[in-house]
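A.B. asks: Provided below are the primary sequence and the corresponding predicted coordinates.
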There are 2 protein chains.
Amino acid sequence: MAISAEIKEKLASKQSSMIRAMFEAGQELKKQFGQDAVFDFSLGNPDLQPPQEVLDAIGDVFREEIPGCHGYMTNAGYETTRAAIARKVSAEQGCPVSAKNVVMSCGAAGGLNTVFRGILNPGDEILVSAPFFAEYAQYCGNYGGKLVPVDCREDFSPDIEAMERAITDKTVAVIVNSPNNPTGAVYSDADMVGLVQVLKRTGRNLWLIADEPYRDILYDGAKVATLFDKYSHSVIVSSFAKNFGLPGERLGFVAVNPVAKEDGDELVAAVIFATRSLGFVNAPAFFQRVIEKAVDAKTDFSVYEKRRAALMKILDDCGFEYLRPKGAFYIFCKVPDGGDDVEFCDLLKSHRILAVPGVAFGKRGYFRLAYCVSEQVIVSSEKAFKEVAATLNVGN
Amino acid sequence: MAISAEIKEKLASKQSSMIRAMFEAGQELKKQFGQDAVFDFSLGNPDLQPPQEVLDAIGDVFREEIPGCHGYMTNAGYETTRAAIARKVSAEQGCPVSAKNVVMSCGAAGGLNTVFRGILNPGDEILVSAPFFAEYAQYCGNYGGKLVPVDCREDFSPDIEAMERAITDKTVAVIVNSPNNPTGAVYSDADMVGLVQVLKRTGRNLWLIADEPYRDILYDGAKVATLFDKYSHSVIVSSFAKNFGLPGERLGFVAVNPVAKEDGDELVAAVIFATRSLGFVNAPAFFQRVIEKAVDAKTDFSVYEKRRAALMKILDDCGFEYLRPKGAFYIFCKVPDGGDDVEFCDLLKSHRILAVPGVAFGKRGYFRLAYCVSEQVIVSSEKAFKEVAATLNVGN
């Protein structure tokens, strides 16, 4: 056999081939009807340019070319970059974090892999509120772990009681993703207090891992709950992909709550070891220096807010049901009349609208629209959405 | 338990703590005696600046800031960058390779991890000629595989007969690293022909994986053997870390021999999948564009050649035994009088010379010197080496 049996099965799996089929169909549609006639809400690839401070920092790093600046540094990343991230996390969490509690990573995806490699024994379980970013399951599976989805409440908030019931002696961590992909929900402070109480009741210092790449993208006055002040064994994993529009540059970090003391130090050491042994070696040097200079840059998210409003208006007009998202750039809509999400996304596609069916996030009967596309695409998509609604007689 | 049992054991292992202890001792020595009074031959971190073409390309990529240039691209990397790499590999291997057979990776270390994730079932074995770059064992272990070292011949060439005997029904691949870390040996064309005959005799299409980050760093007219013309199921993994002095930027690639046909296509798909699911997602965007522009840049390796000569002269004068390295920037020396390598490196350290004991590469009784340090460091180290030799009465 040319490749591993597990990977062969994954490559052939329905989900993998479904996403590939959608991607290829989208490319095909764009070729056939032109780029502008296809309404591609499928991918969370931010189209906003990085803020000017980031662009300036790229120029500064280029001009500062100093001996060894493209060389290896310690696997954890530049001390000065880690210190800048520590200041940022300290401000966000409202408690002191130092550079030694931060490890620079190749994006949040790389960071999560190093954390999972660091904590998972084969058979260990990590809980997540469903729907969830499907790659979490792959990341766990890489190291013999198992992602255990727990259905969220009707309002997309985590069902704390259900999560408590889902904890077994194999559970080693809970992962929370707020603002959430795919729902756009921002978890309330009260829910996080409730979750922490559950974790404390186990008496086992389970890890609470917050995946926060969308932390800065908020609407309607929403706030992301702090965790370091609530729970000792908490870890923030994040990146500059979504807020600064740099997903291709692979720059993120892992920050471990200093209150976790020896356990925290052990996790930091494990993450550094995994950074090396998984072949990341270190987060890319050039963009570590860029981020160190531009960590406080602000993106104008009012652009996303306008798009959100434009897309919600179309969905309202069409009678599609959804919950108003408070963060990120996704709307998670109900398939009308309890229909099948894969079939519905095929219907959307036949009207040149590309969306991702809920099954890809562990929640049937929904579809995700990513509105990190130009307002023009959103406005132009109205007719197609209305045709779909008319087909289904939605709202009548 | 705060972290995985396996990682805890690895962190506590003799080898891991030995390297850490050496690193920390080195830092301590430099603080105590000053940067210039410590002769640090421990790390393969090239100190040459990138060639001017690469620096120019960095500036060009900065000035060409175009919408979406920091965004996600397909997980395999930019089509145009892959095409540039395909041209490079075609020229090196003397047979046509196209972009679709190339996947951009986060350095060679990232590339090897995606290949190993792609091919390994738990318990599968990969052969390597010892001594070898120790991280290979970690990379295999990440996915339940086992690295099987096979002692090299006296001249550091791979012992083809011994490798044939080491093949079991669990073997899925052989990894070759030429020019070699830690020996500097360049494997002969005849040895590669011999190895390919062994692989063909199995009738099982085992993968032949060449890790070639040192391919361009050659002396005395040495040449790296081609593989794609010899064996269908061959794979090149490489990077621009060592030749262009960019190890911190994490830019490498995996190229699969097109002659492997369906099996090759399957491996490419598996490597792309692993790139995504291990959290690399894609090789860093900015440096993909840099490398596309500067792939043909040439570094002046005569600098390393001079250092090699300077270091060999010192070793000769001291009576230390070694084989003249034909590539890379390492010399692998015998510990005098059959002494213990760890103890000998401690002795060297007491004279402020930092070297890596052979045990770290699976070969006791040797030590590695990395001469990617300034000629000044090499010249200044002479006195210390002579003191060590005098202590041992080497050559008398």
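C.D. replies: Sure, I can see it.
A.B. asks: helix or strand right after the helix or strand where residue A:28 lies?
C.D. replies: Per DSSP states H and E: residue A:28 is located in helix A:14-33. Downstream of helix A:14-33, the next assigned helix or strand under DSSP H and E is strand A:39-40.
A.B. asks: and the strands in the stretch 251-396 of chain A, which stretches?
C.D. replies: For the stretch 251-396 of chain A, applying DSSP state E, counting those that start in this stretch gives strands covering A:252-256, A:330-334, A:353-354, A:356-357, A:366-370.
A.B. asks: try the stretch 1-150 of chain A
C.D. replies: For the stretch 1-150 of chain A, applying DSSP E, counting those that start in this stretch gives strands covering A:39-40, A:102-105, A:125-130, A:146-151.
A.B. asks: next, the contact list for residue A:208, please.
C.D. replies: Listed by Cβ atoms under 8 Å, 6 or more residues apart in numbering or on different chains, the contact partners of residue A:208 are A:173, A:174, A:176, A:195, A:196, A:199, A:227, A:231, A:233, A:234, A:235. Every C-beta, even on glycine, is put in place using the N, C-alpha and C of the backbone.
A.B. asks: what does residue A:308 give?
C.D. replies: Counting by Cβ under 8 Å, 6+ apart, residue A:308 touches A:219, A:325, A:329, A:331, A:371.
A.B. asks: state the distance from the second one to chain B.
C.D. replies: By that I understand residue A:325. Distance, residue A:325 to chain B, by Cβ to the nearest Cβ, to the nearest Å: 21 Å.
A.B. asks: what about that residue, neighbour count?
C.D. replies: A total of 27 residues lie near residue A:325 under the criterion other Cβ atoms under 10 Å in any protein chain shown.
A.B. asks: grab the nearest non-local neighbour of it.
C.D. replies: Closest residue to residue A:325 apart from its sequence neighbours, by Cβ to Cβ, 6 or more residues apart in numbering or on different chains: residue A:184 at 2.3 Å.
A.B. asks: which pLDDT value goes with the one you found?
C.D. replies: Reading off the confidence values, residue A:184 has pLDDT 98.
A.B. asks: please flag which of the contacts of residue A:208 sit within helices.
C.D. replies: The helices, defined by DSSP state H, take in A:195, A:196, A:199 from the contacts of residue A:208.
A.B. asks: ok, those residues vs residue B:387, which is closest?
C.D. replies: The closest of the ones in helices among the contacts of residue A:208 to residue B:387 turns out to be residue A:199 (Cβ to Cβ; 58.1 Å).
A.B. asks: quick one: residues contacting residue A:96.
C.D. replies: A:90, A:258.
A.B. asks: please apply the same query to the one 10 residues further on.
C.D. replies: In this structure, residue A:106 makes contact with A:250, A:251, A:252, A:280, A:283, A:284, B:106, B:250, B:279, B:280, B:281, judged by Cβ under 8 Å, 6+ apart.
A.B. asks: the closest residue to the fourth one other than its chain neighbours and residue B:58: what is the separation?
C.D. replies: Excluding its sequence neighbours, the residue lying closest to residue A:280 (Cβ to Cβ, 6+ apart) is residue A:106, at 4.9 Å. Distance from residue A:106 to residue B:58, counting by Cβ to Cβ, to the nearest Å: 20 Å.
A.B. asks: is any residue of stretch A:51-64 near chain B?
C.D. replies: Yes: part of stretch A:51-64 sits near chain B under the criterion Cβ under 8 Å from any Cβ of the partner chain, namely A:55, A:58, A:59, A:62.
A.B. asks: which residue ranges form the helices in chain A?
C.D. replies: Using DSSP H, helices in chain A cover A:5-12, A:14-33, A:52-63, A:79-93, A:107-119, A:135-141, A:160-166, A:189-202, A:261-277, A:285-294, A:302-318, A:341-350, A:375-380, A:382-392.
A.B. asks: which of those helices has the highest mean neighbour count?
C.D. replies: When these are scored by mean count of other Cβ atoms under 10 Å in any protein chain shown, the highest mean neighbour count falls to helix A:107-119 (a mean of 28).
A.B. asks: chain center to that one, what's the gap?
C.D. replies: A distance of 13 Å separates the centroid of the chain from that of helix A:107-119, by Cα atoms, centre = their mean, to the nearest Å.
A.B. asks: ok, stretch A:82-98 next?
C.D. replies: 21 Å.
A.B. asks: now it: mean pLDDT?
C.D. replies: Rounded mean pLDDT across stretch A:82-98 is 97.
A.B. asks: cool, and stretch A:241-253?
C.D. replies: The average pLDDT within stretch A:241-253 is 96.
A.B. asks: what does stretch A:279-286 give?
C.D. replies: Stretch A:279-286 comes out at a mean pLDDT of 97.
A.B. asks: what does the stretch 151-300 of chain A put close to chain B?
C.D. replies: So far as Cβ under 8 Å from any Cβ goes, the stretch 151-300 of chain A lies against chain B at A:205, A:233, A:245-250, A:260, A:262-264, A:266-267, A:269-270, A:273-274, A:276-287.
A.B. asks: residue A:274 touches residue B:6, doesn't it?
C.D. replies: No: using Cβ atoms under 8 Å, residue A:274 makes no contact with residue B:6, being 10.7 Å away.
A.B. asks: look up the closest residue to residue A:236, ignoring the ones flanking it.
C.D. replies: Distances taken as Cβ to Cβ, 6+ apart put residue A:255 closest to residue A:236, at 4.5 Å, once the chain neighbours are dropped.
A.B. asks: can you pull the contacts of that neighbour?
C.D. replies: Here residue A:255 is in contact with A:85, A:86, A:89, A:97, A:101, A:102, A:235, A:236, A:237, A:238 (criterion: Cβ under 8 Å, 6+ apart).
A.B. asks: list the beta-bridge partners for it.
C.D. replies: Here residue A:255 sits in beta bridges with residue A:102, residue A:236, going by DSSP bridges.
A.B. asks: weakest of the helices of chain A in terms of mean pLDDT?
C.D. replies: Across the helices of chain A, helix A:14-33 has the smallest mean pLDDT, namely a mean of 73.
A.B. asks: in terms of pLDDT, where does the residue nearest to residue A:334 when sequence neighbours are not counted sit?
C.D. replies: Of all residues not flanking residue A:334 in the chain, residue A:321 sits nearest, at 4.3 Å (Cβ to Cβ, 6+ apart). For residue A:321, the pLDDT comes out at 97.
A.B. asks: wait, residue A:321 sits on residue A:333?
C.D. replies: Yes: using Cβ under 8 Å, residue A:321 is in contact with residue A:333, at 6.6 Å.
A.B. asks: neighbour count for these two, which is higher?
C.D. replies: Between residue A:321 and residue A:333, residue A:333 has the larger neighbour count (other Cβ under 10 Å), namely 22 against 13.
A.B. asks: sorry, back to before: ok, the contacts of residue A:106 vs residue B:169, which is closest?
C.D. replies: When those are ranked by distance to residue B:169 (Cβ to Cβ), residue B:280 comes first, at 31.3 Å.
A.B. asks: pretty sure the closest one sits against residue A:110.
C.D. replies: Yes: counting by Cβ under 8 Å, residue B:280 does reach residue A:110; the two are 6.6 Å apart.
A.B. asks: circling back to that earlier point, ok, the contacts of residue A:208 vs chain B, which is closest?
C.D. replies: Among those, residue A:233 lies closest to chain B (Cβ to the nearest Cβ), at 7.9 Å.
A.B. asks: which non-adjacent residue is nearest residue A:252?
C.D. replies: Among residues not flanking residue A:252 along the chain, residue A:239 sits closest, at 3.3 Å (Cβ to Cβ, 6+ apart).
A.B. asks: with residue A:248 instead?
C.D. replies: Residue A:248 sits nearest to residue B:285 (Cβ to Cβ, 6+ apart), 3.2 Å away.
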